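In: need the 3D shape of this:
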Amino acid sequence: MDDDHHSFGGWNTATLPSDVLASFLDALPAPTAILDHDGFIITVNAAWRRFATENGGNPEGWRGVNYLEASACDDQDSRVVAWGLASVLGGRAQSFQHDYPCHGNGERRWFRCVISALASDVKGRVGASVMHVDISEQKAAQEQAQEASRAKSDFLAGMSHELRTPLNAVIGFAEMIRMGIWGPLGDPRYVQYAADIQSAGNHLLSLINDILDLSKVEAGRFDLREETLEVGVLVPDVHAMIAVRAERAGHTLAARIQPGVRLRADGRLVRQILLNMLSNAIKFTPDGGRIETRAAVTPEGWLHLGVSDTGIGIAPKDIAFVLEPFGQVDSLQARRHSGESTGLGLPLCKRFVELHDGRLHIESTPGTGTTVAALFPPVRVLGP
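Out: You can find the predicted model right below:
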C-alpha cells in the first residue's frame, strides 16, 4: 500500500492507517476511487485494478489522473457524471448517482456511478469517493418485470375489448326484453329476469372498463384530455349521479365547496375519482350515515378534493393494502359492507390522481369513519 501514498492539495493517504484503508477499500466489490478536492485520484481499490485489467487497460493507469477532467468527454453519460462530481467537490451536494450502459464484448452491462463527499481536509476542502456498481442483473430483472407488466396490460386490454362487444349486446337485448319492445311477455317474471340480466351486465361492464383503465395507466398509455373544470359545478354533478344510492341507504349527502376554484385536469378522470370515493363511502357506511364532499385550496396552493364518511373505517395497517388493485380488507365488517365491490375503486383513484402529478391521502379511524382526499398540485389550480 506504501506505493499508493500520494499527496494532492493537502490530501495524503499516509495520514491514515494504510492497512485499514487498504483492507476497507479492497473489501468493496465495486471499483472504487478516492479523489482529492481537485478531482485527482489518490488511490483505488483492487476491484478497480481488476476491472481495468479485464478490459485491456493498465491497472496502474489511474496514477496522476484527474477524474474530473477525464470525465469531461463528449458522451452524455460522462458529462452527467462530471457535473455530479463537480457538484460534490464544490460542496453543492453530498452525493450523486447516475446509471449508465457499458455494453461490450457481446455483453449488455449497466453500472451505477455513486459519488459521495468525504470529510474535509485540514483546509476545509471536500474530497470524494467514486464507486461504479454493476447493476446489470438488477436492470435485467427490471426490464423483465416491465415487459411482463406490459404483456399483462396488453392481455387485459385485449380481453376487455373482446368482452365489451358481446356484453353490450347482452345488455341491450335485456333492456329490449324488459321494455317489451317486440310485444308483451307472457309471464311478468321474465321482466324481472331481464332486469336482473341488465343489472348484472352493467356491473360487469363497469368492472371491465375499470380493468381497461387500470391496464392503460400501468402500461403508460393513458393520455390526459385536459380542460378547465369549475369545481363548484363538478361536485354537484357527481352528487346527482350518486344521490339515489345514498338516499336508498338513508345517508345524508352534503358538500362544502370553496367558491371560484377551477382545476386544469382531465374532466372524465376527476369525475371518476370523486365518484369512486363517494361510492366507497356509501358502500362502507352503515345505513343512516353522513357523507360529505369538501373542495378547497390549501395554504400551499393544492386543491384538496375529499370525501369524509361516518363508516366502518380502515385500520392503519390496511391503508396501503386497499390502494393495491383488488385489495380488500378481510374482516367480517368489511365483507358485510363490500357487496359487489371489486377492489379497484381506490387504486384507480390513486393512479388517476398521480397522472395529474398529485397524490391520494387517506385518514381513517376504525369504527368512526374515513376521509379520502385527492390532492392536485398548485400548477393545476386556477383561482380563487
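
In: correct me, but residue 198 touches residue 173?
Out: No. With contact defined as Cβ atoms under 8 Å, residue 198 does not count as touching residue 173 (9.1 Å). Where you see a C-beta, it was placed from the backbone N, CA and C, and this is true even at glycine.

In: the two: who's more crowded?
Out: residue 198 (19 against 15; other Cβ atoms under 10 Å).

In: who are the packing partners of the helix ranked longest in the chain?
Out: The longest helix of the chain (DSSP state H) is helix 136-179. Counting contacts by 3 or more Cβ pairs under 8 Å, 6 or more residues apart in numbering; DSSP states H and E, helix 136-179 packs against strand 110-118, helix 189-218.

In: ok, for residue 274, nearest residue in space, not its chain neighbours?
Out: residue 238 (4.7 Å; Cβ to Cβ, 6 or more residues apart in numbering).

In: got the buried residues for the helix or strand harbouring the one you found?
Out: In this assignment (DSSP states H and E), residue 238 forms part of helix 231-248. Residues 231, 234, 235, 238, 239, 242, 246 are the ones in helix 231-248 that count as buried (16 or more other Cβ atoms under 10 Å).

In: the fifth one touches residue 255, doesn't it?
Out: By that I understand residue 239. Yes. Look at residue 239 against residue 255 with Cβ under 8 Å: they come within range, at 6.3 Å.

In: overlap of the contact sets of those two?
Out: Here residue 239 and residue 255 have residue 293 as joint contacts, going by Cβ atoms under 8 Å, 6 or more residues apart in numbering.

In: residue 263: what secondary structure?
Out: Of the three states, residue 263 takes strand under DSSP: H, G, I helix; E, B strand; the rest coil.

In: what's opposite it in the beta bridge?
Out: residue 229, residue 381 (DSSP bridges).

In: residues contacting it?
Out: 228, 229, 231, 234, 270, 303, 376, 380, 381, 382.

In: quick one: contacts for the residue nearest to the fifth one when sequence neighbours are not counted?
Out: In this structure, residue 270 finds its nearest non-sequential neighbour in residue 229, 6.2 Å apart by Cβ to Cβ, 6+ apart. Contacts of residue 229 were listed using Cβ under 8 Å, 6+ apart, and they are 262, 263, 264, 265, 267, 270.

In: these two touch, right, the third one and residue 380?
Out: The reference is to residue 264. Yes. Counting by Cβ under 8 Å, residue 264 does reach residue 380; the two are 4.7 Å apart.

In: so for those two, which sits in the more crowded spot?
Out: Higher neighbour count among residue 264 and residue 380: residue 380, with 19 against 15, using other Cβ under 10 Å.

In: touching, the more buried one and residue 353? I think so.
Out: No. With contacts counted by Cβ under 8 Å, residue 380 stays clear of residue 353, the gap being 10.8 Å.

In: tell me the secondary structure of residue 181, please.
Out: Applying three-state DSSP: residue 181 is coil.

In: where's it relative to residue 199, distance?
Out: 18 Å (Cβ to Cβ, to the nearest Å).

In: the more surrounded of the two?
Out: A direct count of neighbours by other Cβ under 10 Å for residue 181 and residue 199 places residue 199 higher, at 12 against 9.

In: which one among the contacts of residue 263 gets closest to residue 101?
Out: residue 380 (35.6 Å; Cβ to Cβ).

In: for that closest one, what are its contacts?
Out: So residue 380 contacts 263, 264, 265, 303, 356, 357, 358 (Cβ under 8 Å, 6+ apart).

In: the last one: neighbour count?
Out: I take that to be residue 358. Residue 358, neighbours per other Cβ under 10 Å, totals 21.

In: can you check the pLDDT for it?
Out: Here, the pLDDT recorded for residue 358 equals 94.

In: check the gap between residue 78 and residue 84 for me.
Out: Applying Cβ to Cβ to residue 78 and residue 84 gives a distance of 11 Å.

In: just residue 320 next, same as before
Out: 33 Å.

In: quick one: which of these two has more around it?
Out: Higher neighbour count among residue 320 and residue 84: residue 84, with 22 against 10, using other Cβ under 10 Å.

In: now that one, nearest residue through space, not along the chain?
Out: That would be residue 96: by Cβ to Cβ, 6+ apart, it lies 3.4 Å from residue 84.

In: what's the answer for residue 51, then?
Out: Closest to residue 51 by Cβ to Cβ, 6+ apart is residue 31, at 4.6 Å.

In: again with residue 271
Out: Per Cβ to Cβ, 6+ apart, closest to residue 271 is residue 238, 5.6 Å.

In: that neighbour against residue 277, yeah?
Out: No. The pair residue 238 / residue 277 is not scored as a contact, 9.4 Å apart, by Cβ under 8 Å.

In: does the residue nearest to residue 84 touch residue 115 like I think?
Out: Yes. Using Cβ under 8 Å, residue 96 is in contact with residue 115, at 4.5 Å.
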